[in-house]
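J.: 3D, please:
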Amino acid sequence: MHPERLAIVQGLAQPVQLTFFYQKQDPAGRDTATKLRLLSRLSPLLEIDAVDSDQYPALANRMGVQVYNTAVVRAGERRIEVVSTDEQEIALAVLRAVRGGDKVICFATGHGEYDIDNFAFHTHFEGTQSHSHNAEGMAVVQMQQHGLGRLRQMLDKLGLVARKVPLAGQTVPADCAALVEANPRTRYTRADAEIVRAYLERGGGLLLLVEPDYPVDDSLAAVLAAAGVRIGDGVAVDPAEHYFTDEQMIAVTRYARHPITSGLALSIYPGARPVDAVPASGTGATVLFSTSAHAYRLSDRLAAKEEEAAAPRLEKRRAKAGMGLL
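T.: As a prediction, this is how the structure comes out:
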């Protein structure tokens, strides 16, 4: 059984009732019902009933259930309903029920960031001889927007609330559990950077995703330095660990032992820029993953052959292959 599900159930501190409505003729529903019954043995605080909706339609109607494979989770005054045969999603519904309130993930706006409401579009650039998903050297933009729809969907499944937050002239709301700055395209002003600084000093968390060509303003760089991070310029290239034949598409096969990286396998980071941990008062930095010892940095990704011989090498203990900062 997955360790995360075990931790959720075994960590319960209050009674939880879970009623799963399924159809006995459905193999997926039967399988989920069996797994949930096994899950209930892990904690005396978790009461699970697996109910055939066809045999007990009155109970399903009384609880407002209209479709098969619906789990209704109740903890105190909270009620969470999820339609799924995935035990992971159902276990997360249990976590949401006992949490007592929704956690809000705030997405910064005002600097041309990716849109969390964009579920369908994909930016595509077309040249005369080839196509790419990067703009360099390409002539025609066929689709205008690039969104974070898949990330938004995953947050929804985890029971987290995604909300847009404009930075200009405002403070980050106190209920923001984390602030995501996803692909800003216009530069930060000093006032914008101070808003981020104030949020971090209050104990907030920041996920910063920046492209290699994004100019990090001095004021934003100072805020990051105070948090123990420095974002370098250029593009990371790794001749030893990359995807297929593209040495600028960094492949990470090993992660540091940390709760954030638990369960992660091979990951690909296209268009990565160097990120360094730097000394900072009152903070500590943990390098979660790195490029190989053979990695180096290019100032211009389109001039790789010309720059390769003289390109500065990245120190393995400092270089991190990634678009963003956790």
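
J.: low-scoring stretches of the stretch 101-250 of the chain, by residue?
T.: Counting by pLDDT under 70, the low-confidence segments of the stretch 101-250 of the chain come to 119-146.

J.: Show me where it has its strands.
T.: For the stretch 101-250 of the chain, strands defined by DSSP state E, counting those that start in this stretch occupy the ranges 104-109, 124-126, 131-132, 140-143, 161-166, 176-182, 206-209, 229-231, 235-237, 242-243, 246-252.

J.: list the helices and strands the first one packs on?
T.: For strand 104-109, the contact count by 3 or more CB pairs under 8 Å, 6 or more residues apart in numbering; DSSP states H and E identifies strand 161-166, strand 176-182 as packing neighbours. From N, CA and C alone the C-beta is placed, and that goes for glycine too.

J.: re the thing from before, residue 311: which of the strands of the stretch 101-250 of the chain is closest?
T.: Closest approach to residue 311 among those is made by strand 235-237 (7.3 Å; CB to CB).

J.: in stretch 45-58, what's buried?
T.: 45-46, 48-53 (16 or more other CB atoms under 10 Å).

J.: Show me the residues you listed that map onto strands.
T.: 46, 48-52 (DSSP state E).

J.: returning to what we had before: most packed of the helices and strands packed on strand 104-109?
T.: Comparing the helices and strands packed on strand 104-109 by mean neighbour count (mean count of other CB atoms under 10 Å), strand 176-182 ranks first with a mean of 20.

J.: relative to strand 104-109, how tilted is that strand?
T.: On the basis of axes from the mean of the first three to the mean of the last three CA atoms, to 10 degrees, strand 176-182 is oriented at 30 degrees to strand 104-109.

J.: packing partners for strand 176-182?
T.: Contact partners of strand 176-182 among helices and strands, from 3+ CB pairs under 8 Å, 6+ apart: strand 104-109, strand 161-166, helix 190-201, strand 206-209.

J.: For the ones in strands among the buried residues of stretch 45-58, could you give me a markdown table that also reports pLDDT?
T.: Converted to a markdown table, these look like this (pLDDT from 0 to 100):
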| residue | pLDDT |
| --- | --- |
| 46 | 96 |
| 48 | 96 |
| 49 | 96 |
| 50 | 96 |
| 51 | 96 |
| 52 | 96 |
